[in-house]
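Novice: sequence and predicted structure, then a few things I'm wondering about:
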Amino acid sequence: MNRDIKYINRDFSDFRQRLIEYTKTYFPNTYNDFSPTSPGMMFIEQSAYVGDVLSFYLDNQIQENFIQYAQQNSNIYELAYMFGYKPKTTTAAQVTLDFYQQVPAKTVSGVVVPDYDYAVTINENTTVSSATTSFLIQDKIDFSASSSQDTTDVSVYQVAAGVPQYFLLKKSRNAISAAINTQTFSFGDPQQFTTVNLSSNNIIKILDIVDSDGNVWYEVDHLGQEMVLDSLKNTNVNDPNSTKDVPYLLRLKKVQHRFATRFTSPTNLQIQFGAGNANDIDEEITPNANNVGLGLPFKQTKLTTAYSPVNFLYSGTYGISPSNTTLTVRYLTGGGVSSNVDSNTITNLSTTNTRFNLTNLNPTTANYVFASLAANNPDAASGGKGGDTIEEIRQNTLMLVASQNRSVTADDYLIRALSMPSDYGAVSKAFIQQPQLTDEQTSTIETLSLYVLSQTSQGYLSNASSTLKKNLRTYLSQYRMIGDTIEIRDAYIINIGVNFDIITYPNYNNNEVLLKCINSVVDHFNTDKWQINQPIMLRELYGLLDKIPGVQTVKSITIENKAGTSLGYSQYSYDIESATQNMVIYPSLDPSIFELRYPTTDIKGRVSQF
């Protein structure tokens with residue numbers, strides 16, 4: 001007999017009512033006592049109870065598969081990683097630290113200059129602490145090097161008989177509130193995708209992992225990632241065209257010693273390694289046409305088989321697994337609200353990682369110089385807070401799903417260029433567009449022209465060096481879509497001067513009003529506020545000066561072009577008058593930027609009587 005079975009019952013009352021109806025329909029003569037105290041109702045309600053419990057757990061398991069509705073913390077962490085978001089268990093405070101050292105003076109061609117032979121290098125991961133919190137600098141400090149992005153401020157510190165005896169060098173670095181912790185793990189025979197766990201409060205990140213054989217293990221986003229960014233100090237030996245504005249050369253390095261991390265709870269960080277060993281073929285070589293088939297079950301007997309390109313781009317072992325070794329893991333802990341310490345309190349500098357760049361120095365002078373090392377925080381530390389809450393993990397994951405960590409649009413490349421680490425040279429201004437093709441030219445490849453500019457140590461805009469462009473090309477290659485072609489070019493610099501004429505109200509000091517107007521123009525044309533291809537709006541300038549207290553009216557404002565390398569300006573001249581339309585001065589068709597290079601001399605203001 002075919003039974004009429006319903007599959008839409010979801011709770012206890014529905015199950016109970018449906019079982020009663022089922023019994024009445026198919027067993028009318030067998031059982032008909034449905035009173036609450038009857039033995040049959042006991043079994044019916046027990047069955048309804050089991051169905052209700054199973055339905056609940058089924059719904060719960062389905063719910064835990066969606067980040068929007070998951071309730072169990074472990075599932076929320078796993079789903080966050082599945083979508084590419086890494087939860088934070090703490091947030092470190094950040095602060096800018098000033099570092100000082102003295103160097104003796106020396107005379108070169110009759111000029112007294114600092115003797116940089118006594119300059120020291122403070123290595124990365126040096127600790128500077130306050131009374132309660134330790135801070136860590138993550139970038140090396142080399143007092144002998146100076147660039148537009150890493151300026152060394154020099155001042156006279158000690159004078160004898162009118163002649164400088166010692167100079168004071170100053171550099172600034174960003175620091176985070178963190179302390180270095182160490183834990184070791186021993187491994188025997190290799191195991192595929194072996195994992196270890198770090199258990200601690202307020203874990204920020206893994207600092208480094210080194211095994212007992214001296215091999216460095218590199219952290220990657222996922223174990224299939226073989227290439228990491230590697231730094232090489234920019235010297236004449238490494239790069240004959242080296243420039244001081246690029247401290248390090250950027251290289252891509254293929255590594256087999258790699259690991260990935262993930263938080264499984266606020267106090268547990270899981271470290272996972274690969275599945276191979278150092279003797280695996282695809283860990284030693286990159287597959288190519290000469291060794292295709294090696295390591296495959298059929299060896300080289302099926303050379304005509306169509307292989308997936310993935311087999312040639314990624315190894316099958318996802319890095320090697322540590323075996324018969326001991327790993328020393330250094331990791332950072334800290335952060336939190338308590339790490340937001342006051343200004344002028346981070347002064348205790350650890351000199352363990354500090355050394356002189358040269359040897360064979362005068363011992364007495366070297367000891368004096370080394371003792372002069374000091375650090376301080378002119379501003380309070382800020383930004384420290386606790387880790388992500390469960391709801392923050394949920395919302396941050398949903399936000400990340402649409403963005404993904406790759407460059408798809410032109411703006412993605414622009415942001416990537418501006419966010420390149422400063423060790424490899426910093427891009428001050430960037431602009432991206434498709435190249436202008438003539439009617440005869442066609443392009444089937446997505447080509448983008450990226451125009452960049454850097455800055456000199458004085459803060460003036462300049463063309464990026466070839467080394468910086470090379471580093472930028474290497475950096476962008478990790479995020480470039482396979483069909484995109486990026487051309488890195490120099491933008492044009494148009495130097496300008498500003499002349500204005502104002503009328504002041506009676507009973508106002510003309511000099512004070514004029515000085516305020518000049519300062520307002522200087523702030524308006526601050527290089528940090530201007531971008532490539534940004535026009536000059538003369539109406540904005542008129543309105544800006546009109547708001548200055550004491551200004552009755554602005555009679556005129558004129559912008560003039562300044563050009564000539566002998567005068568310290570850009571080599572390019574520009575017809576300002578022809579480029580002005582409806583009170584707007586437009587930049588050239590070729591991407592360019594307006595720069596007020598010398599505000600003290602290139603701004604001329606005048607107070608008129610009428």
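Specialist: Right, received. Where do you want to start? Numbers count the residues shown, from 1 in each chain.
Novice: burial count for residue 523?
Specialist: Residues lying near residue 523 (other Cβ atoms under 10 Å) number 11. Bear in mind the C-beta positions are built from the backbone N, C-alpha and C, glycine included.
Novice: immediately after the strand or helix carrying it, which helix or strand?
Specialist: Residue 523 is located in helix 510-524, with elements delineated by DSSP states H and E. Counting by DSSP H and E, the next helix or strand C-terminal to helix 510-524 is strand 536-537.
Novice: give me the helices and strands touching that next one, please.
Specialist: strand 584-585 (3 or more Cβ pairs under 8 Å, 6 or more residues apart in numbering; DSSP states H and E).
Novice: for the strand it packs on, give the mean pLDDT please.
Specialist: What strand 584-585 shows for mean pLDDT is 94.
Novice: contacts for the helix or strand that comes right after that strand next, please.
Specialist: Reading on from strand 584-585 to the C-terminus, the next helix or strand found by DSSP H and E is strand 592-595. Outside strand 592-595, the residues within contact range by Cβ atoms under 8 Å, 6 or more residues apart in numbering are 429, 453, 460-461, 491-496, 525, 527, 530-534, 536, 570, 572, 574, 585, 587.
Novice: gap between the residue nearest the centre of the chain and residue 28?
Specialist: Closest residue to the average C-alpha location of the chain: residue 419 at 6.0 Å, with Cα atoms, centre = their mean. Residue 419 is 77 Å from residue 28, where distance means Cβ to Cβ, to the nearest Å.
Novice: just the helices in the stretch 151-300 of the chain please.
Specialist: In the stretch 151-300 of the chain, the helices defined using DSSP state H, counting those that start in this stretch lie at 281-284.
Novice: same check on the stretch 1-150 of the chain?
Specialist: 12-26, 39-63, 73-82.
Novice: mean pLDDT added to those, as TSV?
Specialist: Shown next, in TSV, are the helices of the stretch 1-150 of the chain (pLDDT from 0 to 100):
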stretch	mean pLDDT
helix 12-26	90
helix 39-63	89
helix 73-82	87
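Novice: out of those helices, which gets nearest to residue 203?
Specialist: Across the helices of the stretch 1-150 of the chain, residue 203 has its closest neighbour in helix 73-82 (13.4 Å, Cβ to Cβ).
Novice: about what we covered before: rebuild the helices of the stretch 1-150 of the chain as TSV, extending it with mean neighbour count and distance to residue 132.
Specialist: Listed next are the helices of the stretch 1-150 of the chain as TSV, based on neighbours: other Cβ atoms under 10 Å; distance: least, Cβ to Cβ, whole Å:
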stretch	mean neighbour count	distance to residue 132
helix 12-26	15	57
helix 39-63	14	44
helix 73-82	17	30
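Novice: what pLDDT does the residue nearest to the centre of the chain get?
Specialist: 75.
Novice: so who does it touch?
Specialist: Taking Cβ under 8 Å, 6+ apart, we find residue 419 in contact with no residue.
Novice: now do it against residue 479, distance only.
Specialist: Applying Cβ to Cβ to residue 419 and residue 479 gives a distance of 10 Å.
Novice: if we can go back for a sec, which of the contacts of strand 592-595 count as buried?
Specialist: 429, 453, 460-461, 491-496, 525, 527, 530, 532-533, 536, 570, 574, 585, 587 (16 or more other Cβ atoms under 10 Å).
Novice: who's residue 95 bridged to?
Specialist: residue 175 (DSSP bridges).
Novice: from what I can see it touches residue 380, true?
Specialist: Yes - taking contacts as Cβ atoms under 8 Å, residue 95 lies within contact range of residue 380: 7.3 Å.
Novice: neighbour count for these two, which is higher?
Specialist: Using other Cβ under 10 Å as the criterion, residue 95 and residue 380 rank with residue 95 on top: 28 against 14.
Novice: per-domain residue ranges of the chain.
Specialist: 12-63, 90-178+335-376, 180-280+317-333, 284-314, 404-490, 492-608 (automatic domain parsing).
Novice: can I get these in JSON lines with distance to residue 388?
Specialist: Output for these, formatted as JSON lines (distance: least, Cβ to Cβ, whole Å):
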{"stretch": "domain 12-63", "distance to residue 388": "21"}
{"stretch": "domain 90-178+335-376", "distance to residue 388": "9"}
{"stretch": "domain 180-280+317-333", "distance to residue 388": "9"}
{"stretch": "domain 284-314", "distance to residue 388": "31"}
{"stretch": "domain 404-490", "distance to residue 388": "18"}
{"stretch": "domain 492-608", "distance to residue 388": "32"}
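Novice: now the strands for the stretch 101-250 of the chain?
Specialist: Under the criterion DSSP state E, counting those that start in this stretch, strands of the stretch 101-250 of the chain are mapped to 111-114, 120-122, 126-129, 134-137, 141-142, 153-160, 163-177, 179-187, 195-199, 203-211, 216-219, 227-233, 248-254.
Novice: what about the closest residue to residue 140 other than its chain neighbours, neighbour count?
Specialist: For residue 140, ignoring the flanking residues on the chain, the nearest one in space by Cβ to Cβ, 6 or more residues apart in numbering is residue 124 at 4.9 Å. By other Cβ under 10 Å, 13 other residues sit near residue 124.
Novice: does residue 124 really touch residue 142, like I thought?
Specialist: No - with contact defined as Cβ under 8 Å, residue 124 does not count as touching residue 142 (11.0 Å).
Novice: could you find the closest non-adjacent residue to residue 525?
Specialist: residue 596 (3.9 Å).
Novice: pLDDT score for that neighbour?
Specialist: 94.
Novice: OK, contacts around it?
Specialist: 495-498, 521-522, 525, 527, 602-603.
Novice: mind doing that once more with 6 Å?
Specialist: Counting by Cβ atoms under 6 Å, 6 or more residues apart in numbering, residue 596 touches 496, 525, 602.
Novice: ok, so of these, who is nearest residue 43?
Specialist: Of all the contacts of residue 596, the one with the least separation from residue 43 (Cβ to Cβ) is residue 525, at 87.3 Å.
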